[in-house]
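>>> sequence plus predicted model, see below.
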Amino acid sequence: MTARFASLKARRALTLYGLLLTPTVFLAFFFLGPLSIMMVYTFLTPGLYGGVEWVFSHLNYGRILGWADTRYDQFDPVYISIFLRSVRLAATTVLTCLVICYPFAFWVARQPERWKNFFIFLITLPFFISLIVRLFAWVLILRPTGFLNQALLGMGVVAQPLDIIFTDMAVVIGMTYVFIPFMFLPLYSSIEKLDGSLIEASQDLGASPLQTFLRVVLPMTLPGIVGGSIIVFIPSLGNFIVPSLLGGARVVMIGNLIEQQFLSARNWPFGAALGMMVMAAVLLLLMIYVRILSREDKQAETQQPKEEETR
Amino acid sequence: MTAVLKIESASKSFDAPEGGKIHALKDVSLTIAHNEFLTLLGPSGCGKTTMLRAVSGFEDLDAGEIYIEGEAMGSRPAHKRPVNTVFQRYALFPHLSVARNVSYSLEVAGVDKAEIRKRVGDMLDMVGLTAFGERRIGQLSGGQQQRVALARSLVARPKVLLLDEPLSALDKNLRHKMQEELKGLQHELGITFIFVTHDQEEALVMSDRIAVLEGGKIQQLDAPEALYRYPKNEFVARFIGESNLLPGKVVATSGEACDVQLSDDTVLQGCRRGDLAEGTNVKVLIRPESVVAALSEGTSGQAISGTISESYFIGTDYQLVVRRDGLPPFRATVRAHTDASRFAAGEPIDLFVPHDGVHLIAAEGAAA
């Protein structure tokens, strides 16, 4: 009897390890490996024509954070300001996506089943077209002689073409456009689960529509809001395609900087150090998120449900 | 008795998904007194939930008006009406603790904190959940959730409490207990309760008055006992309790009494309610439990004779189906302590019907 159980247990364990093996090996090889190489590179000296010299250096981080190799250059806070600008643009993108998606997700959630699926299909439709093509379309729309300005001039809303392309705004518009599906889907999944009778209960108990929103709807959809925000924030922060196409030379984000260090400046260690900084920021954010989630779970688990007590 | 709630010729119809209209309420009027426990009873789709939602402010009426303490509600939104609802699935806020659920209506009304704490404490004591304030909703059993829902909707002392089949999700024993508790609470607080259910037993146990709804109309509004003994029409007679409805005709009347001839020519004497003239076609209502299988010494009675075709022993009673030529199968519930062999299938039997066990209902189509 025990032997049979043991063998069953062993077999289960074996199956589990077998299933876990492939992704573990994959991640170790293609994720942890490169990441370790990057990490090591951040402490090395750049080679003259790219690559690295195996000489320890702390100046890659120093150049970003405030100590520089005084023999060659002064500390320049430009990297911190580019990083902060990236954070600002990514945060603006998150907010814009949220403002657009939240009401829309509510609207879709109230449609009949057939239409819901149709709208979700529409949301994912842009993925069928190359990102570069879609971004160039935005160049055509936003440039001074583009569609948007022609329309505004034609309607007499503005006298001069608006200077949108190659500004922060163009970058935010572009990133919002690219990342909207990532905001919509988590938001939608939490909004669709929202029980309509809770909203009625709130109104029934005397809460105005605004109170109902703040006290019931917002807290109940918070997981979707936080999830969507993180999923949009992370790729926005490191994005380099959108700023390079719609931001031009005027709007440089941290992603462009990293790209430049690897491809044109040939300073791999410095590029790696910048990359680590982005990753550190993202990790910090995720840790805060996990912390909030686990605290809520803990609250829910502190007391076990009891059987119906007798009075 | 002053009216706390008055519904005046309320009508409401919905678009049916397959086209056309569903008339959920047809010109319904109803007056409910202070501190009354009124039940809206009816099968699903009878309009009882629509009526409740119209009072709470979640449905606008097509025509008619609802007054709460003399004030016309019009299309006033739900959050401005002095009524609270206990929802069918409770609709408790899962992200708030038990105490915060209960305090919700006070918090949104801006009541000060000390007052809130006191009233929430009192309310939790009242429903027997004193120690459960910090729990999450998901950690409570069904009966406890039911009590939180009650406490939450009572803490603001509404003029009227609406209850939408609140006990339907509970198991039978718990349901009986909650019925008693509900009735007790209502008595204690002096708040008018409007209770919606499709469970007739529940309605009979708890209500001061019951409105039986069907097809968007109130079929009968009466105290539970009157409703059971003297249903006004066939629907009510069939919907509440077990019933034998025998076709018959009034053959003689004298004051309160009258004779009715059944389709097999048996003549029974019954009490006359309303103006049923001689010659009127009626349905004769005889409840299965109002007949007896044997007369005690010194009493006389009118008998229906027949043959037992089915017999079920259910503990205290036998349930019999008795057949007689010319009559539909007749159901009777008789005490089991008499000689059991008499109740075997195939045995002949005389069933005695007391005069007050014979209730006449004007046949559908005949003048009421």
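In hand now; what should we look at?

>>> count the neighbours of the closest residue to chain B within the stretch 1-150 of chain A for me.
Taking Cβ to the nearest Cβ, chain B has its nearest neighbour within the stretch 1-150 of chain A at residue A:112, 10.6 Å off. For every residue, glycine as well, the C-beta is placed using N, CA and C. Neighbouring residues of residue A:112 were enumerated by other Cβ atoms under 10 Å in any protein chain shown; the total is 8.

>>> for residue 128, give me the pLDDT.
Since no chain was named, I'll use chain A. Listed pLDDT for residue A:128 reads 90.

>>> chain B is the one I meant
88.

>>> over to residue B:361?
Model confidence at residue B:361, given as pLDDT, is 87.

>>> how about the nearest residue to it, chain neighbours excluded?
The shortest distance from residue B:361 to any non-neighbouring residue, by Cβ to Cβ, 6 or more residues apart in numbering or on different chains, is to residue B:283 (4.6 Å).

>>> output the helix or strand harbouring that neighbour as CSV, restricted to C-alpha atoms.
Here residue B:283 sits within strand B:281-286, counting by DSSP states H and E. Coordinates of each C-alpha in strand B:281-286 appear next as CSV, following Å, rounded to 0.1, in the frame of the first residue of the first chain:
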residue,chain,number,x,y,z
ASN,B,281,-70.8,27.3,-11.5
VAL,B,282,-68.1,27.1,-8.9
LYS,B,283,-64.9,25.3,-8.0
VAL,B,284,-65.1,23.6,-4.7
LEU,B,285,-61.9,23.9,-2.7
ILE,B,286,-61.3,21.1,-0.2
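
>>> in its sheet, what does the following helix or strand past that strand sit against?
Counting by DSSP H and E, the next helix or strand C-terminal to strand B:281-286 is strand B:302-313. Applying DSSP bridges, strand B:302-313 is found paired with strand B:317-323 (antiparallel), strand B:348-353 (antiparallel).

>>> wait, what's in contact with the residue nearest to residue B:361?
Shown in contact with residue B:283 (Cβ atoms under 8 Å, 6 or more residues apart in numbering or on different chains): B:234, B:237, B:245-248, B:360-363.

>>> would CSV of those residues with neighbour count be doable?
Below are the contacts of residue B:283 laid out as CSV (neighbours: other Cβ atoms under 10 Å in any protein chain shown):
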residue, neighbour count
B:234, 17
B:237, 22
B:245, 18
B:246, 22
B:247, 14
B:248, 25
B:360, 22
B:361, 24
B:362, 19
B:363, 19
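
>>> so which of those belong to helices?
Among the contacts of residue B:283, the ones falling in helices (DSSP state H) are B:234, B:237.

>>> least confident of the strands paired with strand B:302-313, on average?
Mean pLDDT values for these show the minimum at strand B:348-353, a mean of 86.

>>> so that one versus strand B:281-286, what angle?
100 degrees (axes from the mean of the first three to the mean of the last three Cα atoms, to 10 degrees).

>>> the helix or strand residue B:14 falls within pairs with which strands, parallel or anti?
Using DSSP H and E, residue B:14 sits in strand B:3-15. When sheet partners are counted by DSSP bridges, strand B:3-15 sits next to strand B:21-33 (antiparallel), strand B:63-68 (antiparallel).

>>> for it, what is the average pLDDT?
90.

>>> give the buried residues for it.
B:3-8, B:10-13 (16 or more other Cβ atoms under 10 Å in any protein chain shown).

>>> low-confidence ranges in the chain?
Going with chain A. Scanning chain A for pLDDT under 70 picks out A:1-6, A:70-74, A:296-311.

>>> oops, chain B please
Counting by pLDDT under 70, chain B has low-confidence residues at B:1, B:272-275, B:295-301, B:337-339, B:364-368.

>>> contact residues of it facing chain A?
Chain B comes close to chain A at residues B:56-58, B:77-80, B:83-85, B:87, B:89, B:91-95, B:104-105, B:107-109, B:128, B:134-136, B:138-144, B:152-153, B:156, B:174, as judged by Cβ under 8 Å from any Cβ of the partner chain.

>>> quick check: residue A:116 vs residue B:96, distance?
29 Å (Cβ to Cβ, to the nearest Å).

>>> more crowded one of these two?
Under the neighbour definition other Cβ under 10 Å, residue A:116 and residue B:96 were set side by side, and residue B:96 has more, 19 against 15.

>>> which ones are touching that one?
Residue B:96 neighbours (Cβ under 8 Å, 6+ apart): B:104, B:137.
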